[in-house]
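In: Turn this into a model:
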Amino acid sequence: MIGRYKADAVAEHARTEGISLRDSYAYGDDTSDVPFMQLVGHPIAVARPLSVFALEASRRQWNCLSPDT
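Out: Have a look, this model is predicted:
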């Protein structure tokens, strides 16, 4: 699953299971993960510094972890 399809699946799963997305964490490693990461209260990017995804995470004020640590 990728992009909007992943976001739709996450939203549907949360709805059917009664999961609070506001209280949830999401980890993503690609810009295609942005749609589902926007759904949660605690998005965390896993990206190399200065990569496109790390810069996007910074712009959105998301925490970012380096895959090298």
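In: Who are the packing partners of the helix or strand where Tyr27 lies?
Out: Following DSSP states H and E, the helix or strand that holds Tyr27 is strand 25-28. Strand 25-28 is packed against helix 34-37, strand 42-46, with contacts defined by 3 or more CB pairs under 8 Å, 6 or more residues apart in numbering; DSSP states H and E. Bear in mind the C-beta positions are built from the backbone N, C-alpha and C, glycine included.
In: got those as CSV, with mean pLDDT and distance to Asp68 columns?
Out: Formatted as CSV, the helices and strands packed on strand 25-28 follow (pLDDT from 0 to 100; distance: least, CB to CB, whole Å):
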stretch, mean pLDDT, distance to Asp68
helix 34-37, 97, 21
strand 42-46, 98, 10
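In: among these, which is nearest Ser58?
Out: Between Ser58 and those, the shortest gap by CB to CB is with strand 42-46, which sits at 8.6 Å.
In: Can you mark which positions in the closest one are buried?
Out: Residues of strand 42-46 classed as buried: 43, 45-46 (neighbour count, 16 or more other CB atoms under 10 Å).
In: helices and strands around the lengthiest helix in the chain, which ones?
Out: Ranked by residue count, the top helix of the chain under DSSP state H comes out as helix 3-17. Contacts defined by 3+ CB pairs under 8 Å, 6+ apart place helix 3-17 against helix 34-37.
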